[in-house]
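Q: please work out how this folds:
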Amino acid sequence: MDPHLLRTFVTVAHWRSFSAAAEELGYTQSAVSQQIATLEADLGLTLLHRRPVTPTPAGERLLEHAAPLLLRHQAARADVLRAATGPVERLTVVASPLACTPAIARGLVLGRSPVTLLTAGRERVVEQVASGAADLGFADGIAAPSDPLRLPDAGSLTGVGVAEEELVVVLADGHPLSRRRGLALADLADALWLQAPAAVSVERLREVAGVGGFRVGFRYDGDDLHTVLNLTAAGHGLTLLPASVATGVPLTAPRVVHRVEMLHGTLAPGPAMTVADRLERGRAVR
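A: Okay, the predicted model is just below:
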């Protein structure tokens with residue numbers, strides 16, 4: 001299956017529009033239509049309804065496979081290019097909003113070698129490293145101690161845990177629970193929560209707690225931590241954050257931690273290998 005045709009299909013399905021997909025991909029609309037027709041002819045199936053543009057059942061099934069296939073294709077291409085070009089004397093790092101812990105930040109010191117740090121969502125971190133746009137990636141999330149995060153499959157990428165720390169429940173100023181020594185997540189299912197990319201999603205809270213509830217009181221689509229803390233302090237919803245970035249009541253049950261994993265492809269001697277070795281040896285566990 002031609003990955004270029006597959007990428008075009010995913011883009012059309014995402015935008016639900018041939019013209020919008022053409023604009024994003026830099027093709028003409030007729031070229032996009034032809035690529036979709038070629039892919040459908042190859043499979044012998046209709047993948048998209050045309051009016052309106054929505055995936056057919058076969059198209060929905062293909063979308064389930066498309067993201068990991070394209071990611072692995074990007075990772076393979078980037079890995080070959082890295083091996084052919086050799087070491088680069090600069091470092092580009094991408095991290096999800098809360099992944100750059102104090103210990104990891106200290107580990108990024110490289111003397112005279114320039115370092116660029118980008119922020120992206122957790123899945124985008126994987127894509128950036130897989131595609132070669134970043135040399136190292138750091139993705140964070142909550143997990144049982146020593147358990148890996150559930151990240152998109154990127155084939156040959158290496159992932160290793162480099163930081164774990166306790167989580168705290170961040171409450172509004174003067175909240176009656178703020179004097180507790182610890183809180184169980186299941187006991188907070190009836191509370192309103194803040195939904196933000198930098199914090200744990202309510203869907204993940206339900207999964208970890210094993211109960212329903214966890215209603216969204218406020219949605220914030222940015223990743224600025226000060227805004228998250230200000231919204232919580234003002235009473236717009238509770239949130240769960242690592243202890244290094246916020247003051248709150250320790251989460252005592254279930255036993256989960258804030259985990260950071262470092263992601264990279266094959267590393268040649270140079271800044272990326274230096275940082276990766278340093279952080280892997282140090283295992284910045286709080």
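Q: how many residues are close by Val275?
A: Around Val275 sit 24 other residues, with neighbours defined as other Cβ atoms under 10 Å. Yep, even glycine has a C-beta here, placed from its N, CA and C like the rest.
Q: how about the helix or strand in which it is found: buried residues?
A: Assigned by DSSP states H and E, Val275 belongs to helix 271-282. Of all the residues in helix 271-282, those buried under the rule 16 or more other Cβ atoms under 10 Å are Pro271, Ala272, Met273, Thr274, Val275, Ala276, Arg278, Leu279, Glu280.
Q: pLDDT weak spots in the protein?
A: Within the chain, the stretches with pLDDT under 70 are 78, 81-88, 283-286.
Q: for it, which residue is closest to the average position?
A: Nearest residue to the geometric centre of the chain (Cα atoms, centre = their mean): Arg122, 0.8 Å.
Q: all helices for the stretch 1-150 of the chain, in order.
A: Here the stretch 1-150 of the chain has its helices, by DSSP state H, counting those that start in this stretch, at 3-15, 18-25, 29-43, 57-85, 102-107, 122-131.
Q: now do the contacts for the residue nearest to the centre of the chain.
A: Ser96, Ala139, Asp140, Gly141, Leu149, Leu151 (Cβ atoms under 8 Å, 6 or more residues apart in numbering).
Q: and the residue found closest to the last one once you drop the neighbours it is linked to in the chain, how many neighbours?
A: With sequence-adjacent residues excluded and distances taken as Cβ to Cβ, 6 or more residues apart in numbering, Leu151 is closest to Val126, at 5.4 Å. Each residue near Val126 was counted by other Cβ under 10 Å, and the total is 26.
Q: got a winner among the contacts of Arg122 for most neighbours?
A: Neighbour counts for those peak at Ala139, which has 26 neighbours (criterion: other Cβ under 10 Å).
Q: quick check: the residue nearest to Leu151 touching Ala154?
A: Yes - when contacts are counted by Cβ atoms under 8 Å, Val126 is listed as touching Ala154 (5.3 Å).
Q: how far off centre is the helix holding Val275?
A: Put simply, helix 271-282 sits 21 Å off its chain's centre (Cα atoms, centre = their mean, to the nearest Å).
Q: what does stretch 122-141 give?
A: Between the mean C-alpha location of stretch 122-141 and the chain-wide mean there is a distance of 8 Å, by Cα atoms, centre = their mean.
Q: distance of the residue lying closest to Pro242 once chain neighbours are set aside from Leu229?
A: Closest residue to Pro242 apart from its sequence neighbours, by Cβ to Cβ, 6+ apart: His258 at 3.8 Å. His258 is 16 Å from Leu229, where distance means Cβ to Cβ, to the nearest Å.
Q: more neighbours, the two?
A: Per other Cβ under 10 Å, whichever of His258 and Leu229 has more neighbours is His258, with 26 against 19.
Q: okay, now the sheet partners of the helix or strand hosting that one, with direction.
A: Remark: His258 resides in strand 257-264, with elements defined by DSSP H and E. If you go by DSSP bridges, strand 257-264 pairs up with strand 136-143 (antiparallel), strand 158-165 (antiparallel).
Q: quick one: which of those is nearest Asp221?
A: Set against Asp221 and scored by Cβ to Cβ, the strands paired with strand 257-264 come closest in strand 136-143, at 18.0 Å.
Q: Val208 sits in which helix or strand?
A: Assigned by DSSP H and E, Val208 belongs to helix 202-209.
Q: show me what that helix is packed against.
A: If you count contacts as 3 or more Cβ pairs under 8 Å, 6 or more residues apart in numbering; DSSP states H and E, helix 202-209 packs onto strand 136-143, strand 192-195.
Q: centre of the chain to that helix, how far?
A: On Cα atoms, centre = their mean, the centre of helix 202-209 falls 17 Å from the chain's centre.
Q: and the angle from it to strand 136-143?
A: Interaxial angle of helix 202-209 relative to strand 136-143 (axes from the mean of the first three to the mean of the last three Cα atoms, to 10 degrees): 60 degrees.
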